[in-house]
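>>> sequence and predicted structure are below.
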Amino acid sequence: MKKTVTTLADGRELIYYDSADDIVRDAVDPRPLDAVSTSSEIRRDPLLGDSVAIASHRQGRTYHPPADECPLCPSREGRRSEIPDTDYDVVVFENRFPSLAGDSGRCEVVCFTSDHDVSFAGLTEEQAGLVLEAWTDRTADLAELPQVAQVFCFENRGAEIGVTLGHPHGQIYGYPFVTPRTEQMFRSMESHRAETGRNLFDDVVARELADGERVVLEGEHWVAFVPYAAHWPYEVHLHPRRRVPDLRELDEAARTEFPQIYLELLRRFDRIFGPGEPPTPYISAWHQAPFRAPGREEFALHLELFTIRRTPGKLKFLAGSESGMNVFINDVPPEAAAQRLREVASE
Ligand SMILES: [Zn+2]
C-alpha cells in the first residue's frame, strides 16, 4: 500500500491510498476555493448529558448532484472534482461541510473506488482490503490529534438513509468526546466484569456461537451474528474472534480474511428482500475503543451492519417509542432475520 498526503486548494488534507507502490500522485487542485469556514459547535444537553453538534454551515452542502457533476469522481479535463487526480484507488479527504471541525473534532470522506456506479458489495477483495488499510491508517493518524477522543468509520448506503451523493463512499468522524453508545457499552462492560469477573464481549460472542441460532456466517478469524436483542429489522454484528480494542490491533490473518467475510455479508444484505428489489439501504458502523478511556483494552472492536428496511418497499421509521423514548420495537425476530441471512448465502 502506498500513501500520498496532499492538500486541496482550500487547505484541506487529501490522502491517496494506492495498491501499487510505484504510483505518483502529484496532481494539483486548481479550483479557486474559498477557505473553509465552519461554525461547528458542540452543545451539551443538561437533561440527558449528551452532546449535539450544531453545524449550520451544512445547510449549503451538495445535495444529490447529477452523476456528471459528482464531486467524488476523479477530475477530468474541464471538470474538477474534490479529487485532483484523474484516477485513484482509495482516497480520503477532509469534508468541506463537516459536522465536527477544529477543536470540535474532524470529519473525513472516504471514497472506496473511483468507479461511480459500483457499491461496496461490488468491490474486489483487494479493493475492500485497501479500504480496511485506509480505515486503519486514519484511526492511527487521528489518534495523534489531541482533540479527537474516538474514531468512527462508517458507511451510509442508499437514499433512504439520507445519502446525498451516489458515489460509493463512507465517512470518518473523529469525535472530541466519547459517544453515548460507547459510554453505555463501557458501563455494561464494567458491571459485567464486576459481577462475573469476565469480559462482556467475550461472553456475548461465546453465547451466540454456543446457541448458533442467530449465527449468520463464520470464518476462521471472524464471526457474524444477529444479536439476541437486535434493534433493527436486519442487523448483524461482525467480530474478530481474537478480541482487539481497535482496527490498529487486528492481526494479519484477520485483515486478510476480512474482505471475503464483509463482502459476503453485504452481498447477502442485497438479497434479503429478493430479486427486483432496489439495493438494500444500510448503515455499516465500526465500533472502536476511545483512545484514552480507562479500560479500553477490554473493549471489542466490531462492526454493526443494519438496514432500516423491514419488508420490500417498507422502511422502519424511528417513531414515537424509538425517537421519543429510545425504546426500539423490532417487527422481525432476530432468529428469523438470521435464518434469512443464511438462506441467501451466495454459492
Ligand atoms: Zn462519482
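Good, I have the coordinates.
>>> run the chain-centre distance for whichever helix or strand Ala134 is part of.
In this structure, Ala134 is located in helix 125-142 according to DSSP states H and E. Here the centre of mass of C-alpha atoms in helix 125-142, compared against the chain's by Cα atoms, centre = their mean, to the nearest Å, lies 11 Å away.
>>> contacts for it next, please.
Under the contact criterion Cβ atoms under 8 Å, 6 or more residues apart in numbering, helix 125-142 has outside partners 1, 3, 15, 17-19, 89-90, 92, 106, 108, 110, 112-113, 120, 123, 148, 151, 153, 172, 174, 246-248, 250, 255-256, 258-260, 262-263, 286, 288. For every residue, glycine as well, the C-beta is placed using N, CA and C.
>>> and the residues you listed, which are buried?
Buried positions within these, assessed by neighbour count (16 or more other Cβ atoms under 10 Å), are 15, 17-18, 89-90, 92, 106, 108, 110, 112-113, 120, 123, 148, 151, 153, 172, 174, 246-247, 250, 255, 258-259, 262-263, 286, 288.
>>> of the contacts of helix 125-142, list those near the ion.
The overlap between the contacts of helix 125-142 and the neighbours of the ion (Cβ under 5 Å from the ion) is empty.
>>> in strands only, show me those residues.
Among those, DSSP state E puts 3, 15, 17-18, 90, 92, 106, 108, 110, 151, 153, 172, 174, 286 in strands.
>>> backbone dihedrals for Gly313, both of them.
Listed backbone geometry of Gly313 is phi 80, psi 0, with angles given as degrees, to the nearest 10.
>>> so who does it touch?
Glu277.
>>> got a pLDDT number for it?
According to the per-residue confidence, Gly313 scores 86 in pLDDT.
>>> and it, how close does it get to the ion?
From Gly313 over to the ion the distance is 27 Å, taken as Cβ to the ion, to the nearest Å.
>>> what of Pro66?
Distance check for Pro66 against the ion: by Cβ to the ion, it reads 10 Å.
>>> nearest residue to the residue of the stretch 151-300 of the chain found nearest the ion other than its sequence neighbours?
Among the residues of the stretch 151-300 of the chain, His167 lies closest to the ion, at 3.3 Å counting by Cβ to the ion. The spatially closest residue to His167, leaving aside those adjacent along the chain, is Leu72, at 3.8 Å (Cβ to Cβ, 6 or more residues apart in numbering).
>>> then Thr179?
Nearest non-adjacent residue to Thr179, counting by Cβ to Cβ, 6+ apart: Gln150, 6.1 Å away.
>>> how near is Arg267 to Leu123?
Noted for Arg267: a distance of 11 Å to Leu123, by Cβ to Cβ, to the nearest Å.
>>> and if you look at Asn199?
Taking Cβ to Cβ as the criterion, Asn199 is separated from Leu123 by 33 Å.
>>> then Ala206?
Shown here: Ala206 relative to Leu123, a distance of 32 Å by Cβ to Cβ.
>>> tell me which parts of the chain are close to the ion?
Proximity of the chain to the ion (Cβ under 5 Å from the ion) is limited to residues Cys70, Leu72, Cys73, His116, His167.
>>> wait, the third one touches Thr113, no?
No: here Cys73 does not reach Thr113: they are 10.3 Å apart, not a contact under Cβ atoms under 8 Å.
>>> average pLDDT across the helix holding Ala134?
When the per-residue pLDDT values of helix 125-142 are averaged, the result is 98.
>>> equivalent analysis for stretch 186-204, please.
Computed over stretch 186-204, the average pLDDT equals 98.
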